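*Asks:* what shape does this take:
(one chain, ligands or ions: 1)
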Amino acid sequence: MTRFTLLCQLNGGCMGCCGRDFISKEKIKEAIRENTEEFKAANPLVKAQLMKFRDRAHPHDLRYGVCRNLIELEGKIFCPLHPSLHQRVDLRTNHCDIDFMCRTAVTFETWVAEKQKRFIDFIAGKKIDNLDFSLGIDKGTLLDEFEAFLQSNGNTELLM
Ligand code: SF4
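*Replies:* Residues are numbered from 1 along each chain as shown. Have a look, this model is predicted:
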């Protein structure tokens, strides 16, 4: 069973673990643009075609640090192999680490509902796009900022 948290779908969707050693936001956008062009050219409609698209490159052969399967359609950045698109069948299996959870997600899962809600509100208040959100979640900077925010506002009962 794939591990998953609410954070993974927040703020337009998180792509923080769809790659590593990201170079810059601009390079992430460029990688997604090139991936999307390849996806549109391949036009994979059924499972075998999606697997062929997936396997056009080795899992470690990233594009500017970004997974080659990450695409953008109709303004949404997503993985076309994700189980939410295939009746829970996970086409990422044996390709990426589907059980990975970032430090922010692991920590978030340990919080009480009140603290989770406060974090979600904190993120919404920042009005950041989904790339800045993803990078902040992946690096843990949003988590650290939130804990500092709680501290400075005297919400020590919510600190762990
Ligand atoms: S970086 Fe964290 S929150 Fe984002 S998709 Fe990965 S596990 Fe989920």
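*Asks:* close to the ligand: what parts of this structure are there?
*Replies:* 5, 7, 8, 14, 16, 17, 101, 102, 104, 105, 137, 138 (CB under 6 Å from any ligand atom). Yep, even glycine has a C-beta here, placed from its N, CA and C like the rest.
*Asks:* pipe the residues you listed into a markdown table and attach secondary structure and neighbour count per row.
*Replies:* Listed next are these as a markdown table, based on DSSP: H, G, I helix; E, B strand; the rest coil; neighbours: other CB atoms under 10 Å:
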| residue | secondary structure | neighbour count |
| --- | --- | --- |
| 5 | coil | 17 |
| 7 | helix | 25 |
| 8 | helix | 20 |
| 14 | coil | 24 |
| 16 | coil | 22 |
| 17 | coil | 18 |
| 101 | coil | 17 |
| 102 | coil | 20 |
| 104 | helix | 23 |
| 105 | helix | 21 |
| 137 | helix | 26 |
| 138 | helix | 21 |
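*Asks:* and the furthest pair within those?
*Replies:* Farthest pair in these (CB to CB) is 5 and 138. Separation: 13.1 Å.
*Asks:* now what about the lowest-mean-pLDDT helix or strand in the chain, what contacts it?
*Replies:* Using mean pLDDT, DSSP states H and E, the weakest-scoring helix or strand in the chain turns out to be strand 76-78, at a mean of 91. With contact meaning CB atoms under 8 Å, 6 or more residues apart in numbering, strand 76-78 is reached by 12, 13, 15, 32, 70, 71, 72, 85, 130, 131.
*Asks:* nothing else from me, thank you.
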